[in-house]
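>>> Next comes the sequence, and after it the predicted model I'd like to discuss.
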Protein chains: 2
Amino acid sequence: MNIVSTPFRLAEQVVSAISAVVGAGPVTLHEPSFSGNEWLYLKECLDSTFVSSVGKFVDRFEVELAAFTGAKYAVAVVNGTAGLHIALKLAGVKANDEVLMPALTFVATANAVTYCGATPHFVDSEERTLGVDALKLRDYLTSHTEQRAGQCINLDTGRAIRALVPMHTFGHPSDLDGLLAVAQDFNLALVEDAAESLGSYYHGQHAGTFGLMGTLSFNGNKTITTGGGGAILTNNSELARHAKHLTTTAKLPHAWEYRHDEIGYNYRLPNLNAALGCAQLEQLPMMLVAKRALFERYQAAFAPVAGVKLMAEPEQCQSNYWLQTLLLDAEQANQRDSILKVTNDAGFMTRPAWILMHELTPFKDCPRMDLAGAQSLSQRLINIPSSSSLIWQN
Amino acid sequence: MNIVSTPFRLAEQVVSAISAVVGAGPVTLHEPSFSGNEWLYLKECLDSTFVSSVGKFVDRFEVELAAFTGAKYAVAVVNGTAGLHIALKLAGVKANDEVLMPALTFVATANAVTYCGATPHFVDSEERTLGVDALKLRDYLTSHTEQRAGQCINLDTGRAIRALVPMHTFGHPSDLDGLLAVAQDFNLALVEDAAESLGSYYHGQHAGTFGLMGTLSFNGNKTITTGGGGAILTNNSELARHAKHLTTTAKLPHAWEYRHDEIGYNYRLPNLNAALGCAQLEQLPMMLVAKRALFERYQAAFAPVAGVKLMAEPEQCQSNYWLQTLLLDAEQANQRDSILKVTNDAGFMTRPAWILMHELTPFKDCPRMDLAGAQSLSQRLINIPSSSSLIWQN
């Protein structure tokens, strides 16, 4: 029989469980670890003077990212948002289109859609994966859209829905089989926002390699970091070529002539940042082992705490456990804010999920389906300290 | 009396003059130099683990950039293009507007205008400064526009012309007095593309600080580099605050809540790149001395070469001499390509000016005035090796 927890008791129990795993605070939510060749490669980069748009580390980072993820091509970019912008553009998203994406995501997913002149259309998430609920989405599209000349038309707005962008939340792969089937049946391009899921696998295949394109992020809070950085993954050689072209000002190769054949972007990853990325990629397998070990320690520590579940990887998936995640039982949802306060006050940095996209002023008028699943999740999710270095230090 | 040069003779004379200054090739057009605290600060950055969006080097870089340029505020961004995009947005440029800018510029100026949904409107350049011809622009606007409700309306297209973006070519300040007067008289926001002109002064005041906002670039080919990077300069505290907000995903400050109050951008400069920038900024005064010394050596070497002039700083200006520039006499313009070929074949990297914007496919239908000045210049300009390290090594 579970012990009945007062609000205060639950928050204190969470603090105790975290502390049992990570020791005394202060402990950040996620911090990078530079214990490999980071130093060496940065120095090599400076010594060569190739710190910017040209240099061997960018090429090497792209080759090694492709090898690690199993994607045929990887194009390094300045950050995940830039990668998503270009991937959506190449997926054919244009002004006045709509793009389906979870309401439960970081704001970059929605922002990138607007950079194409398109409108985000928010869909619901499921507790099993924390990602888009494919079954509910299928029902919704069946009753709210119609196929016209090979396009999925939103019957409520009259606009074309061009793409579906699942986001693999905190590194847990979404229901890709279900979502790929929806994309195919409704003529939608599937672009994966895999910003959080480097090192995550769905049915043995790396996240971000299922859709037409997928995008990664190497921001400072991610599993590996390049300071700022990202990548576009694809198995399509023409999309890879075009992504590289668009992200490097669309300049045609020439010894001295500056001819640009379309409107391009300055989205290239500097060689300096790629040098850091190459060293970090060498550390990635070890980090993934550490992050899994951290999950297991938290699982043991939280087992006796009633009313709280530690998020585990979905069935037939291997998650990178980027951010360790507590999911409060529905009846404990009203304890979320006291848990956030007590843990942060105790020096353990925790945070809730992002505010749902449709609750943000710039997106409040965007189309959306019923979001009961996302709403419930967003009231019950808490991320807890997740750095891989917590394993090495404890 | 000048010696009559055959085409071959002129190219050979140029090779000899360059070689007399920089020694034997191969010599690149411009490469960075890391002879100060670059290594130390990068190491400090790694050791602190703050390589990304938070960290003391970003703040320090902004403070020191403001101090160096005399701008009240500097906002560090991921590159010059991003800076220009946000500066134009904050200047009120929006969909269906037009923005005046030189046809003789790097493509980023035009691209940034399109990111706002606006259309570049190309204007002519003058030989004296290589920048926008203020007198000719005034005449053009007088006959082609009309003021309606405080807006400058293009009578040919019916669209509002919102802003004027002079670019200080190769580090030579444009005619800012003339352009500021045009901007005032025709109700245009003046935003300076100062990507090439860190360390350049017009009447004793730093370029990029005259308009509503100015933008800098620290790309690998610039006077100082952060790998990739840029900055927005302004004297207006509200514009500075808003620029920082928009370039950092428009997130409201909170310990754990992710609330974004408008559509923002991931345009922040990573701390790693800012660390490099802080070290480079310390070297800047020395680099400017070296670049001026290189100009003087080239001036002596090219004095006897008929048909070619070395570009000197405009009157009452102090140029940073970012790229040293040859200007062929009109009757030698047809020798440009042979000079480019012979110099590059000899191992001295040279290049012509950019292809004029209206000659690029994506901008061929944009409005433009008569561009005789820019056309003449673009056929006669050649940049020659310009690294500050050429002085230290020779």
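Received the coordinates, thanks.
>>> The residue nearest to A:F106 when sequence neighbours are not counted: neighbouring residues, count only.
Nearest residue to A:F106 in three dimensions, chain neighbours excluded: A:W354, at 5.6 Å (C-beta to C-beta, 6 or more residues apart in numbering or on different chains). Just so you know, the C-beta spots here come from the backbone N, C-alpha and C atoms, and that holds for glycine as well. A:W354 has 21 neighbours, counted by other C-beta atoms under 10 Å in any protein chain shown.
>>> could you measure A:W354 against A:H85, distance?
As defined by C-beta to C-beta, to the nearest Å, A:W354 lies at a distance of 19 Å from A:H85.
>>> how about the residue in the stretch 51-200 of chain A that chain B sits nearest to, secondary structure?
In the stretch 51-200 of chain A, the residue that lies nearest chain B is A:S52 (2.2 Å; C-beta to the nearest C-beta). Put simply, A:S52 is coil when judged by DSSP: H, G, I helix; E, B strand; the rest coil.
>>> Please enumerate the helices of chain A.
For chain A, the helices defined by DSSP state H occupy A:7-22, A:38-48, A:56-69, A:80-90, A:107-115, A:134-144, A:176-185, A:237-247, A:271-302, A:336-345, A:372-380, A:389-393.
>>> To A:Q318, which of these lies closest?
helix A:271-302 (8.7 Å; C-beta to C-beta).
>>> Which secondary structure elements does that closest one sit against?
When contacts are defined as 3 or more C-beta pairs under 8 Å, 6 or more residues apart in numbering or on different chains; DSSP states H and E, helix A:271-302 packs onto helix A:7-22, helix A:38-48, helix A:56-69, strand A:308-310, strand A:324-328, helix A:389-393, helix B:271-302.
>>> For chain B, see how far away A:E31 is.
Using C-beta to the nearest C-beta, to the nearest Å, we find A:E31 at a distance of 5 Å from chain B.
>>> Isn't that residue up against A:S389?
Yes. Counting by C-beta atoms under 8 Å, A:E31 does reach A:S389; the two are 6.9 Å apart.
>>> about what we covered before: out of the helices and strands packed on helix A:271-302, indicate the one that is most buried.
Of all the helices and strands packed on helix A:271-302, strand A:324-328 has the most neighbours on average by mean count of other C-beta atoms under 10 Å in any protein chain shown, namely a mean of 24.
>>> angle of that strand against helix A:372-380?
100 degrees (axes from the mean of the first three to the mean of the last three C-alpha atoms, to 10 degrees).
>>> Determine whether any part of strand A:324-328 lies close to chain B.
No. Judged by C-beta under 8 Å from any C-beta of the partner chain, strand A:324-328 makes no contact with chain B; its nearest approach is 13.6 Å.
>>> What is that strand packed up against?
helix A:271-302, strand A:308-310, helix A:372-380, strand A:381-384.
>>> Now do the last one: which elements does it pack against?
The one in question is strand A:381-384. Using 3+ C-beta pairs under 8 Å, 6+ apart: strand A:381-384 touches helix A:7-22, strand A:324-328, helix A:336-345, strand A:351-352.
>>> Recalculate using a threshold of 6 Å.
Secondary-structure packing of strand A:381-384 (3 or more C-beta pairs under 6 Å, 6 or more residues apart in numbering or on different chains; DSSP states H and E): strand A:324-328.
>>> so can I have JSON lines of the helices and strands packed on strand A:324-328 showing mean pLDDT?
Conversion of the helices and strands packed on strand A:324-328 to JSON lines gives the following (pLDDT from 0 to 100):
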{"stretch": "helix A:271-302", "mean pLDDT": "97"}
{"stretch": "strand A:308-310", "mean pLDDT": "97"}
{"stretch": "helix A:372-380", "mean pLDDT": "98"}
{"stretch": "strand A:381-384", "mean pLDDT": "98"}
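>>> can you list the residues of chain A near chain B?
Contact residues (C-beta under 6 Å from any C-beta of the partner chain) of chain A with chain B: A:31-32, A:34, A:38, A:42, A:46, A:49, A:51-53, A:78-79, A:81, A:107, A:111, A:114, A:219-220, A:225, A:227-228, A:249, A:256, A:258-263, A:266, A:270, A:272, A:340, A:351, A:354-355, A:360-362.
>>> What's the PyMOL line that selects buried ones from the residues you listed?
Remark: buried members of those, expressed as a PyMOL selection using 16 or more other C-beta atoms under 10 Å in any protein chain shown:
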select buried, chain A and resi 31+32+34+38+42+46+49+51+52+53+78+79+81+107+111+114+219+220+225+227+228+249+256+258+260+263+266+270+272+340+351+354+355+360+362
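>>> Now do the phi/psi pair for the residue in the stretch 101-250 of chain A that chain B sits nearest to.
Proximity to chain B, evaluated over the stretch 101-250 of chain A using C-beta to the nearest C-beta, is greatest for A:G220 at 2.2 Å. Per-residue torsions, A:G220: phi -60, psi -20 (degrees, to the nearest 10).
>>> how is chain A carved up into domains?
Per automatic domain parsing, the domain ranges recorded for chain A read A:7-33+A:283-393, A:38-281.
>>> For the most far-flung residue of chain A relative to its centre, which non-adjacent residue is spatially closest?
Within chain A, A:W256 marks the point farthest from the mean C-alpha position, 39.0 Å out by C-alpha atoms, centre = their mean. Once flanking residues are discounted, A:W256 sits nearest to B:R351: 3.9 Å by C-beta to C-beta, 6+ apart.
>>> now the one you found: how far from B:Q299?
Using C-beta to C-beta, B:R351 is found at 20 Å from B:Q299.
>>> how many other residues sit next to A:L212?
19.
>>> roughly how far apart are it and B:A74?
Going from A:L212 to B:A74 by C-beta to C-beta gives 40 Å.
>>> Likewise for A:D59?
Counting by C-beta to C-beta, the separation of A:D59 from B:A74 is 33 Å.
>>> again, but for A:T69
The gap separating A:T69 from B:A74 is 38 Å, by C-beta to C-beta.
>>> I'd assumed A:H172 was in contact with A:L130.
Yes. Counting by C-beta atoms under 6 Å, A:H172 is a contact partner of A:L130 at 5.4 Å.
>>> Contacts for the least confident helix or strand in chain A by mean pLDDT, please.
Lowest on mean pLDDT, DSSP states H and E among the helices and strands of chain A sits helix A:389-393, with a mean of 84. The list of residues contacting helix A:389-393 from outside it, by C-beta atoms under 6 Å, 6 or more residues apart in numbering or on different chains, reads A:V22, A:S33, A:A290, A:A293, A:L294.
>>> show me what contacts A:H30?
A:N221, A:S386, A:S387.
>>> Test my guess that the last one contacts A:E31.
Think A:S387. Yes. If you go by C-beta under 6 Å, A:S387 and A:E31 touch, sitting 4.9 Å apart.
>>> Could you pull up the residues touching A:L198?
For A:L198, the contacting residues are A:L216, A:T223, by C-beta under 6 Å, 6+ apart.
>>> What distance do you get for it to A:R9?
38 Å.
>>> same thing with A:R138?
Going from A:R138 to A:R9 by C-beta to C-beta gives 42 Å.
>>> returning to that earlier point: pLDDT score for the residue nearest to A:W256?
Looking at B:R351, its pLDDT is 96.
>>> where's stretch A:66-80 relative to the chain centroid, distance-wise?
Centre-to-centre, stretch A:66-80 and its host chain are 14 Å apart (C-alpha atoms, centre = their mean, to the nearest Å).
>>> ah, wrong one, I meant stretch A:25-37
With C-alpha atoms, centre = their mean as the basis, stretch A:25-37 stands 19 Å off its chain's centre.
>>> count of neighbours near the nearest residue in space to A:S217 that is not next to it in sequence?
Leaving aside its sequence neighbours, A:S217 sits nearest to A:G80 (C-beta to C-beta, 6+ apart; 3.0 Å). A count of nearby residues for A:G80, using other C-beta under 10 Å, gives 28.
>>> contacting residues for A:G80?
Counting by C-beta under 6 Å, 6+ apart, A:G80 touches A:A195, A:T215, A:S217, A:G230.
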